[in-house]
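J.: model the following, please.
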Amino acid sequence: MNNELYAVLAGLGIFIFVFLLVVCILLLVSNWKIFSKAGKPGWASLIPFYNIYIMSDIAFGNLNYFIAVLITGGVSFFGGFLDISILSNLAGLASFVIYIIYCVKLSKAFGRSGGFAVGLVLLPLIFFPILGLGSAEYVGPQEKESV
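T.: Model (predicted):
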């Protein structure tokens, strides 16, 4: 009976591994296409930190996003390193807010609506491939709309 349980668990583990591998490949291809549509080198989506720098340029047109991600990442790291959990938690919350702003800016940079930005935040496995592999065209970072 134990051998049957191990076989089922091994099969489940293999299924989960293959599923996650497919998801990772799909997101890598999607990001590569998003970078390419924005006139940036697709391979840049594979390089840590440099991809954040390029994403900042694509969505914001400046380095604000890049700097904010570096600051919140550093604060989170040092908060965990120094065992100050409230600092890490606040940095994590700030990172999530920055991610939401990034999704809104990215959506607008590709001429999509705020509803699409909600999809990018809540269902990234669906909406990032739609953005990268679909018919969306890069229109550039959008300036703050005047009232």
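
J.: now the worst-scoring helix or strand of the chain on mean pLDDT, how far from the chain's geometric center?
T.: Counting by mean pLDDT, DSSP states H and E, the chain has its least confident helix or strand at helix 64-81, which shows a mean of 85. For helix 64-81, the distance from its own C-alpha centre to the chain's C-alpha centre is 16 Å (C-alpha atoms, centre = their mean, to the nearest Å).

J.: who are the packing partners of it?
T.: helix 50-59, helix 85-109 (3 or more C-beta pairs under 8 Å, 6 or more residues apart in numbering; DSSP states H and E). Where you see a C-beta, it was placed from the backbone N, CA and C, and this is true even at glycine.

J.: dump the residue contacts of the nearest residue to residue 99 once chain neighbours are set aside.
T.: Leaving aside its sequence neighbours, residue 99 sits nearest to residue 121 (C-beta to C-beta, 6 or more residues apart in numbering; 7.2 Å). Each residue near residue 121 by C-beta atoms under 8 Å, 6 or more residues apart in numbering is listed here: 99-100, 103.
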